[in-house]
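Engineer: this is a predicted model, with the sequence first.
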There are 2 protein chains.
Amino acid sequence: MINYEQYFSRNAKNMKRSEIRELLKLTRKPGIISFAGGLPAPDLFPIDDIKEMTRIVMEKEGRIALQYGPTEGDNRLREELAKLLKRDGVTISSDRLLVVTSSQQGLDLVGKIFVDPDDLIMTSLPTYVGAIQAFHSYGGTMLGIEQDAEGTQTALLEAEIAKRIAAGRKPKFIYEIPDFQNPSGITMTLARRKEMLRIAEKFDMIIVEDSPYRQLRFEGRGEPSLIGMNSERVLALYTFSKILLPGFRLGWMAGPAELIQKAATAKQSVDLCSPPFNQSILYEYLSRGLLEKQISVIIKAYREKRDFMIEKLSQYMPKLPGLKWTHPQGGLFLWVTLPQEMDAGEMFHSAVEKKVAYVVGTAFYPDSGGRNCFRMNFSYSSKPEIEEGVKRLAEVISNWKGSRESALITP
Amino acid sequence: MINYEQYFSRNAKNMKRSEIRELLKLTRKPGIISFAGGLPAPDLFPIDDIKEMTRIVMEKEGRIALQYGPTEGDNRLREELAKLLKRDGVTISSDRLLVVTSSQQGLDLVGKIFVDPDDLIMTSLPTYVGAIQAFHSYGGTMLGIEQDAEGTQTALLEAEIAKRIAAGRKPKFIYEIPDFQNPSGITMTLARRKEMLRIAEKFDMIIVEDSPYRQLRFEGRGEPSLIGMNSERVLALYTFSKILLPGFRLGWMAGPAELIQKAATAKQSVDLCSPPFNQSILYEYLSRGLLEKQISVIIKAYREKRDFMIEKLSQYMPKLPGLKWTHPQGGLFLWVTLPQEMDAGEMFHSAVEKKVAYVVGTAFYPDSGGRNCFRMNFSYSSKPEIEEGVKRLAEVISNWKGSRESALITP
């Protein structure tokens, strides 16, 4: 018997399989209505367009699309990405963009170029589980700042950074998802965005802005992105997974030239280049203006689903003190808070028995917290599934022992 | 002005852009005949088959192929990969395989799960530049053992490991490319393979076997792979880049279950999953038995090109003492050794002026060495290009000041 454990790196020894992804396996059982995954609606994928763009690419430039490509990405695609950002108020030249193999790779590259073992990273609470994993895999520790309805509480953020600096451990950067945050669905106000940039300036720090959902705004006017407000202090991550399809594993990074160059150098050792085949198809798709149409289709569908889910939550959920959910203005998720004494983790197995699933809140907290919370996805399930799933969930919550106790203490 | 350097991780501060990839940019100038890249011949890409398989996938399962997929890879694809290995004498179940986004990602995952800063890694000399980069990016240091015509000199390997262990720094693993090594083109003999496995056993170490070219054998019987000889001590990396096409960025890993599971955990934070779109297309392609035909097409073409390049080298190269090149039995590369006092790096710019390019030997040495060597690729260029390129190269070598000195000292 070989003891394989002895070979592992220190960081690998601490790596845990993502709780969320292990739970996702449970939720694949037949008959389960899952609000757990962050999956886009597959019935909206532009399958015919992709088929057609692939045909065009193969006929026009198969020898290029099937070959290796530049690490930085297909130049024509980068030009299209610069145009996309321009329409969002971010003026940045295409050489300050790096095509990445999913924004998860973007997070990994951020970890690789910035994070040393025992480095501290500021983040909002709750925060994206994939970022926790990526930075943790380089030995980093995330320090969380609770959000309120206006986003990350910047006064607390400023105080915490000051405290850490005084203790001789300045955090490496601030990680933030300002729009329709995963998992909370919260969007930062303009005032908070300005504050966060002021804080970054004050402490000479950079901000990593994760923007997977920003283009999926259902209503109202959006606030400017952090990179749109300060392109020297912000490194932004984007993905096509939510606005088009995840199956290509393509995203991009934008930021200061020095950071993009370092990330590109790191990417050479990570996968040489993102798939040129997928990049060529995506270029053809973007250059025809098809993405804008697709995004409006998605926005319309997801807005309806969000409205429907919130309506059904109001209709079916028991009236318990403290039970509440967020009303996101976009994105894919909402966040449910149970009465303080309830435990969404303990309740999860009852939920799966009742054939409904969510992600337990603790997955989104770097250490502890989130016990009485869970994340619900509204993009993937159909309306009948949403209604039935919410009904089942309401039953699970109503019948849970904690709920009866909660009900008892209600005045 | 922001000082971005202050934010970088220790490993990132040491990252250098790959010399080889920077040089490759020079070689893209119009009119240059490049033997530098490791590019497969694009005129052999099965463009029509890929177009057709994409059409089938989009019609049959577009909603699955464009969605997220499991981190371990498409199960149907993994079954096909297990069959592929079986035909190569490796019996391994599909759950001991991990689909990766290029074998460069395989190397990165190896670095992530095994390498701590200041770890030592054994390798042959010269060795694959992408492995040097990947392990270096985790702070690892490669210790090289020179090859001879039979491959890595295992007696030297054993002595070196023993010496390091005595000094309290046991190397983490042995990295090896046993078949048609990149860059040397050398294949390990069976005796050396057995020795390497014995040494791994003796010191309780594992071997990372990198196998990008193994299926491209032009003649003779192949030796068993290391993983075929011992699937408990060996973690093997494979890629479709050379046997099919690089544009999909797909490869796979095979090895002990514990190592595969750890690599899969690491992969969750690296890119969640390899592109399901590409995996579905590849599955359709493999399940129709198309790969075998494609490999025989490639073997035939590359064998002819290798023969042609060697013929032209014999025909055009000046007769200098010590000037020689390898005769690989497969793969994509051969390795040229110049007379000791010549410097392939200094000569490189004259070569580019003459519009011919190669990769300088030093790129394949973790620290120093390889100064008087260079790598030549024979898969990419056409025969007329090979002839003209070799002619130009012969002229550069003949006219180089070092050559004249060499000629003078010839008896």
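Structural biologist: Happy to help now that I have it.
Engineer: for chain B, what's the nearest residue on the stretch 301-411 of chain A?
Structural biologist: Among the residues of the stretch 301-411 of chain A, residue A:380 lies closest to chain B, at 9.4 Å counting by Cβ to the nearest Cβ. (Each C-beta comes from the backbone N, C-alpha and C, glycine too.)
Engineer: how about that residue, what does it touch?
Structural biologist: A:34, A:35, A:37, A:39, A:40, A:41, A:42 (Cβ atoms under 8 Å, 6 or more residues apart in numbering or on different chains).
Engineer: cool, residue A:250 as well?
Structural biologist: Taking Cβ under 8 Å, 6+ apart, one finds A:99, A:100, A:101, A:102, A:239, A:240, A:274, A:275, A:278, A:279, A:282 in contact with residue A:250.
Engineer: leaving out the residues flanking it, which one is nearest to it?
Structural biologist: Distances taken as Cβ to Cβ, 6 or more residues apart in numbering or on different chains place residue A:240 nearest to residue A:250, at 5.0 Å, with adjacent residues excluded.
Engineer: so that neighbour makes contact with residue A:251?
Structural biologist: Yes: with contacts counted by Cβ atoms under 8 Å, residue A:240 reaches residue A:251, the gap being 6.3 Å.
Engineer: buried residues in the single longest strand found in chain A?
Structural biologist: The strand that spans the most residues within chain A, counting by DSSP state E, is strand A:141-148. For strand A:141-148, the neighbour count (16 or more other Cβ atoms under 10 Å in any protein chain shown) marks A:141, A:142, A:143, A:144, A:145, A:147 as buried.
Engineer: for stretch A:78-87, same thing?
Structural biologist: In stretch A:78-87, counting by 16+ other Cβ under 10 Å, buried: A:78, A:79, A:80, A:81, A:82, A:84, A:85.
Engineer: same thing with stretch A:162-181?
Structural biologist: A:164, A:170-181.
Engineer: and residue A:222, how many residues sit next to it?
Structural biologist: By other Cβ atoms under 10 Å in any protein chain shown, the residues close to residue A:222 number 18.
Engineer: name the helix or strand for residue A:295, please.
Structural biologist: Secondary structure assigned from DSSP states H and E places residue A:295 in helix A:290-316.
Engineer: and the next helix or strand after that helix, what does it pack against?
Structural biologist: Using DSSP H and E, the helix or strand that follows helix A:290-316 in sequence is strand A:324-325. Under the contact definition 3 or more Cβ pairs under 8 Å, 6 or more residues apart in numbering or on different chains; DSSP states H and E, strand A:324-325 sits against strand A:333-337.
Engineer: tell me the average confidence for stretch A:212-221?
Structural biologist: On average, the pLDDT along stretch A:212-221 is 96.
Engineer: all strands of the stretch 251-400 of chain A, in order?
Structural biologist: A:251-254, A:324-325, A:333-337, A:356-357, A:359-360, A:373-377 (DSSP state E, counting those that start in this stretch).
Engineer: make a markdown table out of these and add mean neighbour count and mean pLDDT.
Structural biologist: Formatted as a markdown table, those follow (neighbours: other Cβ atoms under 10 Å in any protein chain shown; pLDDT from 0 to 100):
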| stretch | mean neighbour count | mean pLDDT |
| --- | --- | --- |
| strand A:251-254 | 26 | 98 |
| strand A:324-325 | 16 | 98 |
| strand A:333-337 | 22 | 97 |
| strand A:356-357 | 26 | 96 |
| strand A:359-360 | 27 | 94 |
| strand A:373-377 | 26 | 97 |
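Engineer: the ones you listed: which one's closest to residue B:108?
Structural biologist: strand A:251-254 (17.2 Å; Cβ to Cβ).
Engineer: for the closest one, packing partners?
Structural biologist: Judged by 3+ Cβ pairs under 8 Å, 6+ apart, the packing partners of strand A:251-254 are helix A:75-87, strand A:97-100, helix A:103-114, strand A:234-239, helix A:257-271.
Engineer: swap in 6 Å and give it another go.
Structural biologist: Applying 3 or more Cβ pairs under 6 Å, 6 or more residues apart in numbering or on different chains; DSSP states H and E, one finds that strand A:251-254 contacts strand A:97-100, helix A:103-114, strand A:234-239.
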